[in-house]
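**Student:** Test case, fold it:
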Amino acid sequence: MPSGTTVLSFCLAALVVLVVPGPSVAYVVACTLRHGRTAGLASVVGLELGALVHVVAAAAGLGAVLASSPDMFRLIRYAGAAYLLLMGARELRPPNDNPPKHRAAPSTRLRMIRDGLLVDLLNPKTVLFFLAFLPQFVRPAVGSGPTQILVLGTCFVVLATACDATYATIAATVAPRLHHSPRARRRIRHTTGGVYLTLAGIAVLS
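**Tutor:** Next comes the predicted model:
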């Protein structure tokens with residue numbers, strides 16, 4: 001088990017990474033503005049499920065395998081970019097311009113969870129976080145490395161859930177006022193599509 005000092009140091013460093021808006025925050029806010037609070041929170045669930053997969057993979061040593069294979073890392077980057085491009089194209093299609101419901105349908109929530117899961121799994125920045133950042137806090141002298149990675153990774157997921165859910169809640173307070181205007185709905189849709197396309201570009205160039 002990592003020491004209390006190590007856990008505290010890691011959590012403070014992780015909070016700095018999480019609080020500053022990045023690709024995950026942009027994705028959650030875009031989902032919330034476009035589809036409502038429940039969809040935004042569903043996207044948070046998907047993102048954190050993806051983060052848990054990264055934690056388990058890092059503890060199992062798969063990160064080291066990935067680090068030794070630039071072609072595999074490149075494949076993840078391109079796959080993530082392709083999926084984000086698909087999401088962007090989906091948002092930019094001519095819509096049924098009815099105002100979104102305040103509570104997303106079950107099918108929409110499931111789609112947001114799936115999208116969030118894939119976005120996080122295929123995000124090269126998340127891969128690099130668990131590959132390069134988290135291992136710096138592992139102290140082999142105090143116990144099992146995989147156990148320490150699981151503990152620290154779980155702390156990160158809890159903090160990420162709180163931060164991303166906070167951004168989704170803040171965005172949800174603004175969304176209803178915007179949805180009353182057809183012009184605002186079109187702008188939200190175009191902005192959401194633009195966010196996905198920008199994230200795709202970041203994935204390719206990172």
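**Student:** Tell me how far stretch 33-49 lies from the chain's centre.
**Tutor:** Relative to its chain's centre, stretch 33-49 lies at 10 Å (CA atoms, centre = their mean, to the nearest Å).
**Student:** likewise stretch 157-177?
**Tutor:** Remark: stretch 157-177 is offset 12 Å from the chain centroid, using CA atoms, centre = their mean.
**Student:** Next: stretch 43-60.
**Tutor:** Taking the mean of its C-alpha atoms, stretch 43-60 sits 10 Å from the chain's own mean (CA atoms, centre = their mean).
**Student:** what residues does it touch?
**Tutor:** Contacting residues not belonging to stretch 43-60 are listed as 24, 27-28, 31-32, 63, 112-121, 123, 126-127, 129-131, 134-135, 146-147, 149-150, 153-154, 156-157, 160-161, 164-165, 168 [CB atoms under 8 Å, 6 or more residues apart in numbering]. Glycine gets a C-beta too; all of them are placed from N, C-alpha and C.
**Student:** Could you give the separation of the longest helix that the chain contains from the chain centroid?
**Tutor:** Of all the segments of type helix in the chain, defined by DSSP state H, the longest one is helix 145-179. Its chain's C-alpha centre and that of helix 145-179 lie 9 Å apart, by CA atoms, centre = their mean.
**Student:** any idea which helix or strand of the protein has the worst average confidence?
**Tutor:** helix 62-67 (a mean of 66; mean pLDDT, DSSP states H and E).
**Student:** Go through whichever helix or strand comes after that helix and flag the buried ones.
**Tutor:** Next helix or strand after helix 62-67 toward the C-terminus (DSSP states H and E): helix 70-92. Using 16 or more other CB atoms under 10 Å as the test for burial, helix 70-92 gives 73, 76, 77, 80, 81, 83, 84, 85, 87, 88, 91.
**Student:** With pLDDT and distance to residue 39 added, can I get these in JSON lines?
**Tutor:** Formatted as JSON lines, those follow (pLDDT from 0 to 100; distance: CB to CB, whole Å):
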{"residue": "73", "pLDDT": "71", "distance to residue 39": "31"}
{"residue": "76", "pLDDT": "74", "distance to residue 39": "26"}
{"residue": "77", "pLDDT": "75", "distance to residue 39": "26"}
{"residue": "80", "pLDDT": "76", "distance to residue 39": "21"}
{"residue": "81", "pLDDT": "80", "distance to residue 39": "23"}
{"residue": "83", "pLDDT": "79", "distance to residue 39": "18"}
{"residue": "84", "pLDDT": "79", "distance to residue 39": "17"}
{"residue": "85", "pLDDT": "84", "distance to residue 39": "20"}
{"residue": "87", "pLDDT": "77", "distance to residue 39": "13"}
{"residue": "88", "pLDDT": "79", "distance to residue 39": "17"}
{"residue": "91", "pLDDT": "71", "distance to residue 39": "12"}
